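>>> Model the following, please.
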Amino acid sequence: MDKLTSQCQELYYGLTPRAVRARSMMLAVDIVIIAYFVGTTFLPLYDWIIVIDAAIGLILVADFVFRMIAHADRAAFLFRALSLIDLLVIASLFVPALIGNFAFLRVIRAVRLMRSYAVSHQLRTQSPFFARNEDVIFSALNLIVFIFVITAAVFVLQVEANESINNYVDALYFTVATLTTTGFGDIILVGSTGRLLAVTIMIVGVALFIRLVQTIFMPSKVRYECSGCGLTRHESDAVHCKHCGQLVHIRTEGIQG
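Sure thing, here's the model as predicted:
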């Protein structure tokens, strides 16, 4: 067991070339799985989806177990929010044929997009592009995750009660139209729950959209903690901290001509 623990710790936390390559492969698999979940939300429950779901479920189970073994406090690992989300998603991959409610599972699958934040953190350490554009990427990610989670909720709560929402595309169309304040009016949510959901889309969604616009047009900065004063945000070409004058060592590729 000690040997397995050390191997898992090297795999997930090690700095050897082999460990870095393995994490890069796992990162690619995570991106593919997230894209698959987004894509299959638009499809009915075909037999081939059940087969692929089971295969992905086995991959996620193995990854979850190995990450738990590598973690210093396994009990704390089990009860953190991201682990609980992973367990819900894993369960949803094995039960669609049993419970027959693929609509409900769309909400759980959409929550898997929360895993995108962990993926983005990994990309930040491996990609200079992600490091330079972190704020824009996370603002866009917040908006995308919100859109797909809320769309899944709209679909599940309205598909049987609202004759205007017949499929996932209708729910996505309503969510985007409401979020952008376009409000065509051809689809409205019915019932008190639907109205509260629409209010949530308008308030939270518009705030996230405005935040994305702000980060796009604000001067880009990079995260680097100054050893003198602790300032964590600096211009990408900074040589000295603008607060205390301490020399900073921000990794840069130089001025692009």
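>>> Low-confidence ranges, the stretch 51-200 of the chain, go.
Where the stretch 51-200 of the chain drops to pLDDT under 70, the residues are 96-128, 131-132.
>>> List the buried residues for stretch 207-217?
Judged by neighbour count using 16 or more other Cβ atoms under 10 Å, the buried positions of stretch 207-217 are 208-209, 211-212, 215. For glycine as for every other residue, the C-beta is placed from the backbone atoms N, C-alpha and C.
>>> ok, now stretch 24-40?
Residues of stretch 24-40 classed as buried by neighbour count (16+ other Cβ under 10 Å): 26, 30, 33-34, 36-37, 40.
>>> Just the ones of those residues in helices?
Cross-referencing the buried residues of stretch 24-40 against helices under DSSP state H gives 26, 30, 33-34, 36-37, 40.
>>> which among these gets closest to Ile201?
Ile201 lies nearest to Phe37 out of these, by Cβ to Cβ, at 20.8 Å.
>>> From Val204, how far out is the closest one?
21 Å (Cβ to Cβ, to the nearest Å).
>>> Next: Leu172.
16 Å.
>>> And Ala81, by the same measure?
From Ala81 over to Val204 (counting by Cβ to Cβ), the distance is 19 Å.
>>> just Gly185 next, same as before
Distance, Gly185 to Val204, using Cβ to Cβ: 21 Å.
>>> Neighbour count for the two, which is higher?
A count of neighbours by other Cβ atoms under 10 Å puts Val204 above the other of Gly185 and Val204, at 15 against 7.
>>> who's in contact with that one?
Taking Cβ atoms under 8 Å, 6 or more residues apart in numbering, we find Val204 in contact with Phe146.
>>> doesn't it fall inside a helix?
Yes - checked against DSSP: H, G, I helix; E, B strand; the rest coil, Val204 lies within a helix.
>>> mind checking pLDDT for it?
Per-residue confidence (pLDDT) for Val204: 87.
>>> Repeat that for Tyr36.
For Tyr36, the predicted pLDDT is 82.
>>> and the gap between it and Asp53?
For Tyr36, the distance to Asp53 (Cβ to Cβ) stands at 9 Å.
>>> what's the answer for Ile250, then?
Counting by Cβ to Cβ, the gap from Ile250 to Asp53 is 44 Å.
>>> The two: which has the busier surroundings?
Asp53 (22 against 15).
>>> do you know how far the more buried one is from Leu88?
For Asp53 relative to Leu88 (Cβ to Cβ), the value is 14 Å.
>>> cool, Ile34 as well?
Using Cβ to Cβ, Ile34 is found at 15 Å from Leu88.
>>> For this structure, which segments count as helices?
According to DSSP H, the helices that the chain contains are 2-13, 17-40, 47-70, 74-79, 81-94, 96-99, 102-111, 115-126, 128-132, 134-158, 168-179, 191-200, 206-217.
>>> Tabulate those helices (a markdown table), appending distance to Ala238.
Shown next, in a markdown table, are the helices of the chain (distance: least, Cβ to Cβ, whole Å):
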| stretch | distance to Ala238 |
| --- | --- |
| helix 2-13 | 30 |
| helix 17-40 | 28 |
| helix 47-70 | 36 |
| helix 74-79 | 37 |
| helix 81-94 | 33 |
| helix 96-99 | 51 |
| helix 102-111 | 38 |
| helix 115-126 | 18 |
| helix 128-132 | 13 |
| helix 134-158 | 16 |
| helix 168-179 | 36 |
| helix 191-200 | 40 |
| helix 206-217 | 19 |
